[in-house]
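1. test case, fold it:
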Amino acid sequence: MKILVVDPDVDERHALVANLQEQQEPWQIDQAVDDGQALQQLTQSAFDVVVSTVSDDTFTNTHFLRSVEARFPRVYQIILTGNSDRGTLLRSTGPMQRYLQTPCQGSQLVEAIRRVQRLPLSQISARVLEAINAADCIPPLPRVLTEVNELVQQDDWSNTQVAELLEHDPMLCAKILQLANSAAFGLASQVSEIEHAVSVIGIETIRSLIMAQTLFHSAESGFTQQVDAIMSHCFDVASLARQLMRHEKASLHETNAAFTAGLLHDVGKVVLLNAVGNDYVELLGKESAGNCDLREIEFAAYGANHAEVGGYLLDLWAVPPDLVCAVSWHHDAYRCAAAERSTQAVFAANWILCGANWDVLPDLNNERQATPTNEAANGQHTIYEQQDAEVASFVAKLEAWRQIANEI
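-> Just a heads-up that it's a prediction; the model follows:
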């Protein structure tokens, strides 16, 4: 991991570097005093992350961020900013950029960099990655979501404050009210106020809905039919996952987590539609005709399947890791076998609504054969025994959930 720290203030720059060096990570850290020197160093050497502070000159900041984004699309930018004109900056940047409010704790910066290490940049083809990073292709983290995230980090936030932020977006409010009054939540009385809706569906579902709305509405108009089908399927999966969690008498947190992940589980398809357009429509057509496994042809064409692409984007947006896992693994039975129950429910709901028409056991067996281990023979046997128990439990749960779904 190679990191470039850009800050004209020598003391602040040295403090940032010292904080990163204290982590004893195998990070190579270089410094630049201004944007010009930073661009020169980026041209001369390959960096993974640029950490930069912004000044009061919004035009200069935007120009630098855009230049890095356009010329070095695989470089992830972490921007340390105050409140001067943050809204303008947020509207002008793309998903490969993460904002941290200053002053920020050193641990926040370290965690942001560690998230970059987890991103599968090397697996996704340059064609798709560059399209993901294009500002006119995939939107940046929605400003309202950034504001909501900052609000709920405070100890004394309220549903009233959340509602006040949401009410600036009438279309989003309409969708929230529609969801709160849907069969998925099964309320006896009508919900007509945003504050009430926030309390009904929960803050995590609100955040997922903001992300879903942003992504689904980012698709080009020529793909309305495909996007509508994806949106409808995502809502159905979210609703069934929620019902499965209710049947399990899961906590409200688990139930909402399953709904949230279901709502977002196929956003990777929208990313790929935006990235490669008609080429991806052709792949979707082949899947509909039953001629292929969509995940296999996606990987052959793009170096990742839609689940991995969706998880990649959500990780860029710094959503909670359990949500990233649920989206990334919704076709991965092997990992779901040992995952959180809400993640398993999303896999199950998707599998059931797709007609339960793929056998999860070959996936599990293939994953085992493809997973090397350096353990001794006895150690391997113990590991496989544990995995077999998890797999048996998960497969039994899938069958039970399928029966429950048939009765709903």
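2. how about residue 7, phi and psi?
-> Main-chain torsions, residue 7, degrees, to the nearest 10: phi -160, psi 120.
3. is it true that it touches residue 16?
-> Yes. Look at residue 7 against residue 16 with CB atoms under 8 Å: they come within range, at 6.6 Å. For glycine as for every other residue, the C-beta is placed from the backbone atoms N, C-alpha and C.
4. burial check on residue 397, number of neighbours?
-> Around residue 397 there are 19 other residues, counting by other CB atoms under 10 Å.
5. how much space between it and residue 349?
-> According to CB to CB, to the nearest Å, residue 397 and residue 349 sit 12 Å apart.
6. now swap in residue 67 and tell me
-> Here residue 67 is placed at a distance of 43 Å from residue 349 (CB to CB).
7. same drill for those two, tell me which one is more crowded.
-> Just comparing residue 67 and residue 349: by other CB under 10 Å the higher neighbour count belongs to residue 349, 28 against 14.
8. what score does that one have for pLDDT?
-> Looking at residue 349, its pLDDT reads 96.
9. who does the helix or strand hosting it touch, helix- and strand-wise?
-> Residue 349 is part of helix 341-353, with elements assigned from DSSP states H and E. Judged by 3 or more CB pairs under 8 Å, 6 or more residues apart in numbering; DSSP states H and E, the packing partners of helix 341-353 are helix 224-247, helix 252-264, helix 321-328, helix 333-336, helix 377-407.
10. mind putting those helices in CSV, mean pLDDT and distance to residue 355 included?
-> Output for the helices and strands packed on helix 341-353, formatted as CSV (pLDDT from 0 to 100; distance: least, CB to CB, whole Å):
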stretch, mean pLDDT, distance to residue 355
helix 224-247, 92, 12
helix 252-264, 89, 17
helix 321-328, 88, 21
helix 333-336, 85, 16
helix 377-407, 73, 10
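11. could you dump these to TSV with distance to residue 109?
-> Listed next are the helices and strands packed on helix 341-353 as TSV, based on distance: least, CB to CB, whole Å:
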stretch	distance to residue 109
helix 224-247	33
helix 252-264	26
helix 321-328	18
helix 333-336	29
helix 377-407	36
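12. tell me which of those helices is the most buried.
-> Ranked by mean neighbour count, these are led by helix 252-264 with a mean of 25 (mean count of other CB atoms under 10 Å).
13. pull the CA atoms of that one into CSV?
-> The C-alpha coordinates for helix 252-264 follow below in CSV (Å, rounded to 0.1, in the frame of the first residue of the first chain):
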residue,chain,number,x,y,z
LEU,A,252,-35.5,-5.6,15.0
HIS,A,253,-31.9,-4.8,14.2
GLU,A,254,-31.4,-8.1,12.4
THR,A,255,-34.8,-7.8,10.6
ASN,A,256,-33.9,-4.3,9.4
ALA,A,257,-30.4,-5.4,8.4
ALA,A,258,-31.9,-8.2,6.2
PHE,A,259,-34.4,-5.8,4.6
THR,A,260,-31.6,-3.2,4.0
ALA,A,261,-29.3,-5.7,2.3
GLY,A,262,-32.1,-7.1,0.2
LEU,A,263,-32.9,-3.7,-1.0
LEU,A,264,-29.4,-3.1,-2.2
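14. now whichever helix or strand comes after that helix: mean pLDDT?
-> Sequence-wise, the next helix or strand downstream of helix 252-264 (DSSP H and E) is helix 267-276. The average pLDDT for helix 267-276 rounds to 87.
15. what's the answer for stretch 14-24, then?
-> Stretch 14-24 shows an average pLDDT of 90 in the prediction.
16. now tell me which helix or strand of the protein has the poorest mean pLDDT.
-> helix 86-91 (a mean of 47; mean pLDDT, DSSP states H and E).
17. next secondary structure after that one?
-> Helices and strands here follow DSSP H and E; after helix 86-91, the next one along the chain is strand 97-101.
18. can you spell out which helices and strands pack onto the next helix or strand after that following strand?
-> Heading C-terminal from strand 97-101, the first helix or strand you meet, by DSSP H and E, is helix 106-118. Packing partners of helix 106-118 (3+ CB pairs under 8 Å, 6+ apart): helix 10-21, strand 49-53, strand 76-81, strand 97-101.
19. what residue is smack in the middle of the chain?
-> Centroid check for the chain by CA atoms, centre = their mean gives residue 314 as the closest residue, at 1.3 Å.
20. which element, helix or strand, includes that one?
-> According to DSSP H and E, residue 314 maps onto helix 306-316.
21. ok and that helix relative to helix 224-247, angle-wise?
-> Relative orientation of helix 306-316 versus helix 224-247 (axes from the mean of the first three to the mean of the last three CA atoms, to 10 degrees): 80 degrees.
22. from the contact counts, what lies against helix 306-316?
-> helix 126-133, helix 267-276, helix 294-302, helix 321-328.
23. will you turn these into TSV that also has distance to residue 62?
-> Shown next, in TSV, are the helices and strands packed on helix 306-316 (distance: least, CB to CB, whole Å):
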stretch	distance to residue 62
helix 126-133	16
helix 267-276	22
helix 294-302	30
helix 321-328	28
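24. which of those is buried the deepest?
-> helix 267-276 (a mean of 25).
25. mind checking what helix or strand follows that one in sequence?
-> Downstream of helix 267-276, the next assigned helix or strand under DSSP H and E is helix 278-288.
26. what comes into contact with that following helix?
-> Identification of contacts with helix 278-288 by CB atoms under 8 Å, 6 or more residues apart in numbering yields 223, 226, 269, 272, 273, 292, 293, 294, 297, 298, 301.
27. can you pull the buried residues of it?
-> Judged by neighbour count (16 or more other CB atoms under 10 Å), helix 278-288 contains these buried residues: 280, 283, 284.
28. give the contact list for residue 352.
-> The contact partners of residue 352, taken as CB under 8 Å, 6+ apart, are 240, 401, 402, 405.
29. that older thread, of the contacts of helix 278-288, closest to residue 337?
-> For the contacts of helix 278-288, the residue nearest residue 337 by CB to CB is residue 293; the value is 19.9 Å.
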